[in-house]
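In: Here is the input, now give the coordinates:
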Amino acid sequence: MLETGRKLKVNIMKKISRYIHAMLVAIALGAHARAATSVSRHGITWTFDRDRVTGVYANGDPWVVGPVVITAITPKPSVGRNGSMLNPTLGSRQAFDDRYIATYNPYDNTLNVGIKLPLTVAANSSLISSISAVNYQQWGLTQMFAVLTCVSSPPPTGSFRPAYIGAAIKTSPWNASSLNFAKLQKLPTTGFTTIPNWANYEADFEKLWFEKDLTWTGRYLHAPYQAANGYGKDMAIKTGDVALMLNMNYSDDVKRKLLINYVQYGIDIAGIRAAGGRWYDTGGHNIGRLAPLMVAATALDDASLQARLDGTQLGFSEYCQTFFVTQADVDRVRYTADGRPRLPYTSANIGMPEWGETHTDNPTRDGNNWNAYYRDICGGQLTAPAMAARVMGIRLLSKWEQMYLYQERHLNYEQGSTYKGEFNYNPTPAFHKQFYNTYKTYTPGTVITPPPQTVTFAIGDRIEVSAITNVRATAALTGTLLGVQPALAKGTIIGGPIGKDANNITWWQIDYDTGVDGWSGQDNFVKITSPPPPPPPVVTFAIGDRVELANNTNVRSSGALTGTLLGTQVAFAKGTIVGGPIGKDANNITWWQMDYDTGVDGWSGQDNFVKIPAVKPSRPTGLKTE
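Out: As a prediction, the model looks like this:
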């Protein structure tokens, strides 16, 4: 018995000692580290066997000093659901969900460490955990990915997370404090009719954009926040939007969160490239990964990241699909078995910057026609990385003029007089197109003085909103959100302008024709000439008129809200006006003295009155005293 008591006491002392040690380490490291028995990220929680020294990277992803024993993961992993992978490698095999198409992304239960708890995770490890969709769906079967990085020692405050693939030693060579905002431009937004939603992209890129299958089947592994349908083209629109937005005239404070999240994605892309990963040319599946690395390499001003931009390495689909036509392309026999149009090149085309569906890996699928399959999908997504590189001054780092010159050729045709609509289904995004048209000749260092703000709207103007538009109580993003107006809602400007504010928004007070009124930013405004809707017909009342009440209505001793409340008449009660009017008073009420057919008589406001052509019925004797 005494021996048992001694062992219990020793175990308690060990636990206390471990806790104190973790606390002392955390205190010594400062506010960014703490002792914790669990950490969480985006709905996923990892629980440890005891207190461990933990913290978060610049983008919010957690780290823990290891080795560490993980005793639980929530949501709870099971065979084929909510799986976890330790130090994943490139390839199609996965351990997250067994409902993926087996021939595309085969499930390997031996790789699912989530069902092998307790799990000892060594230092210099990345644990990827997931949340599975409840019901089967083709896209977004894995709803969320999150990464826990196990380190040998706490990283400095503000560190970027090491890549989950391609970083054998989980140290942090890059820090948010090293971001050089001066490398990003502050190009005026004047004249832009559409700029994507900043907050939406902050939320999207805060999450882990996980990839391990770099073939076309990798589309199925993408989470919904990467692209609703998992497709590379839709990922490219997002990554392209952000690359351009970060070079526009927003303050460093406004840019900071999105930049950190986006640079982290660029670091993960560099890690995949370091591991030998290559987003090869496969239609529209693998585009969109170049732009984040461009921004990361530029903002961190890092030579190792910049070296990954070298197009001669053919690591990105944007490079693999663009080329200068050579004699070999003229002589090549085209693939025709699929029945898709592929016109041959001629000697006159030699030297022309061109695009090909799978040019590097299978150039027989190239075609000298604007309606070549996937040309619209991919060509339109080249504008954002090309323009980001131009305005940041890193175009030469690519060593791949083919991409830049083809991008110009593609968009100039799309906007030219000979365009026949080949890209109408997948046009260059409007924001990218407008950025190109505005800054296609810009070189870094050019001082652009925006013209004085031209207020194209004025009080009294009629407007229509081109997209769903927030309505706020005051002219600021911090103003209470009163509601939203749908696209094509109309209204009249009755106040303003206020701004542009720090978020580059000019605010106007709007009296919308229907729905909520208040302050809205003008970005979605379109001036219209239609007159406001006619006011409702003015119904005038007079002594002797018969009325019916549309709603329950108070009856007072005098024509004012301060008059004694004598009682209430119910909806549809009828009566005759016998006195008044008084008002409109300070509360915008016009009062009439009423002789109701039954119940209490007195003064009521006319807002609930409906004039009726009825004749006052005779009253049974004795039912009411005048």
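
In: Need the contact partners of the helix or strand encompassing Glu408.
Out: Element membership for Glu408, per DSSP states H and E: helix 401-414. Helix 401-414 is contacted from outside by 311, 318-319, 322-324, 352-355, 370, 375, 379-380, 382-383, 385-386, 389-390, 395, 398, 419, 423, 427-428, 433, 436, 440, using C-beta atoms under 8 Å, 6 or more residues apart in numbering. (Glycine included, C-beta is placed from N, CA and C.)

In: Dump that helix to CSV, restricted to CA.
Out: Coordinates of each C-alpha in helix 401-414 appear next as CSV, following Å, rounded to 0.1, in the frame of the first residue of the first chain:
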residue,chain,number,x,y,z
GLU,A,401,9.5,35.8,-72.7
GLN,A,402,7.2,33.3,-74.5
MET,A,403,4.6,33.6,-71.7
TYR,A,404,4.6,37.4,-71.5
LEU,A,405,4.5,37.9,-75.3
TYR,A,406,1.8,35.3,-75.8
GLN,A,407,-0.3,36.9,-73.0
GLU,A,408,-0.2,40.2,-74.8
ARG,A,409,-1.1,38.5,-78.1
HIS,A,410,-4.0,36.6,-76.6
LEU,A,411,-5.6,39.6,-74.9
ASN,A,412,-5.0,42.0,-77.7
TYR,A,413,-6.8,39.6,-80.0
GLU,A,414,-9.6,39.2,-77.5
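
In: what about that helix, average pLDDT?
Out: What helix 401-414 shows for mean pLDDT is 96.

In: quick one: that helix to chain centroid distance?
Out: Relative to its parent chain, helix 401-414 has a centroid offset of 28 Å by C-alpha atoms, centre = their mean, to the nearest Å.

In: Summarise which helices and strands the helix or strand following it is packed against.
Out: The first helix or strand that comes after helix 401-414 along the chain, using DSSP H and E, is helix 430-439. Using 3 or more C-beta pairs under 8 Å, 6 or more residues apart in numbering; DSSP states H and E, the elements in contact with helix 430-439 are helix 232-245, helix 383-392, helix 401-414.

In: Kindly reformat the ones you listed as a markdown table containing mean neighbour count.
Out: Formatted as a markdown table, the helices and strands packed on helix 430-439 follow (neighbours: other C-beta atoms under 10 Å):
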| stretch | mean neighbour count |
| --- | --- |
| helix 232-245 | 25 |
| helix 383-392 | 26 |
| helix 401-414 | 19 |
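
In: can you tell me which of these comes nearest to Phe181?
Out: Of all the helices and strands packed on helix 430-439, it is helix 383-392 that lies closest to Phe181, at 11.9 Å by C-beta to C-beta.

In: hang on, the earlier thing: filter the contacts of helix 401-414 down to the buried ones and hand me the PyMOL line.
Out: Filtering the contacts of helix 401-414 down to the buried ones (16 or more other C-beta atoms under 10 Å) takes a single PyMOL command:
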select buried, resi 311+318+319+322+323+353+354+355+370+375+379+380+382+383+385+386+389+390+395+398+423+427+428+433+436+440
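
In: helices and strands of this structure: which one bottoms out on pLDDT?
Out: The helix or strand of the chain with the poorest confidence is helix 2-29; it has a mean of 48 (mean pLDDT, DSSP states H and E).

In: Ser172 and Leu187: what is the separation?
Out: Distance of Ser172 to Leu187, computed by C-beta to C-beta, to the nearest Å: 31 Å.

In: circling back: now the helices and strands packed on helix 430-439 in a markdown table, with distance to Ala274?
Out: A markdown table is the format used below for these (distance: least, C-beta to C-beta, whole Å):
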| stretch | distance to Ala274 |
| --- | --- |
| helix 232-245 | 19 |
| helix 383-392 | 20 |
| helix 401-414 | 22 |
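
In: So for Thr478, which of those helices sits nearest?
Out: helix 232-245 (21.1 Å).

In: my read is Ser172 is in a strand, agree?
Out: No - using DSSP: H, G, I helix; E, B strand; the rest coil, the assignment for Ser172 is coil, not a strand.

In: quick revisit: compute the inter-axis angle for the helix holding Glu408 and helix 430-439.
Out: Helix 401-414 runs at 100 degrees relative to helix 430-439, counting by axes from the mean of the first three to the mean of the last three C-alpha atoms, to 10 degrees.

In: in the stretch 251-400 of the chain, which spans are helices?
Out: For the stretch 251-400 of the chain, the helices defined by DSSP state H, counting those that start in this stretch cover 252-274, 290-299, 303-307, 317-320, 327-331, 375-379, 383-392, 395-398.

In: Of these, flag the one that's most buried.
Out: Among those, helix 290-299 has the highest mean neighbour count (mean count of other C-beta atoms under 10 Å), at a mean of 28.

In: How far off centre is the helix or strand just after the least confident helix or strand of the chain?
Out: The helix or strand immediately downstream of helix 2-29 is strand 33-41, counting by DSSP H and E. From the chain centre to the centre of strand 33-41 is a distance of 27 Å (C-alpha atoms, centre = their mean).

In: ok, then the element right after strand 33-41?
Out: strand 44-56.

In: Quick check: the gap between the spatially most central residue of the chain and Tyr225.
Out: The centre of the chain sits closest to Asn200, judged by C-alpha atoms, centre = their mean, with a distance of 2.6 Å. Noted for Asn200: a distance of 10 Å to Tyr225, by C-beta to C-beta.

In: follow-up on the earlier one: work out for me the element the residue nearest to the centre of the chain sits within.
Out: Per DSSP H and E: helix 198-206 holds Asn200.

In: Which neighbouring elements make contact with that helix?
Out: helix 232-245, helix 252-274.

In: can you redo those helices as a markdown table with mean pLDDT?
Out: Compiled in a markdown table, the helices and strands packed on helix 198-206 are given as follows (pLDDT from 0 to 100):
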| stretch | mean pLDDT |
| --- | --- |
| helix 232-245 | 97 |
| helix 252-274 | 96 |
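
In: could those helices be laid out in a markdown table, adding distance to Ala586?
Out: Listed next are the helices and strands packed on helix 198-206 as a markdown table, based on distance: least, C-beta to C-beta, whole Å:
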| stretch | distance to Ala586 |
| --- | --- |
| helix 232-245 | 49 |
| helix 252-274 | 44 |
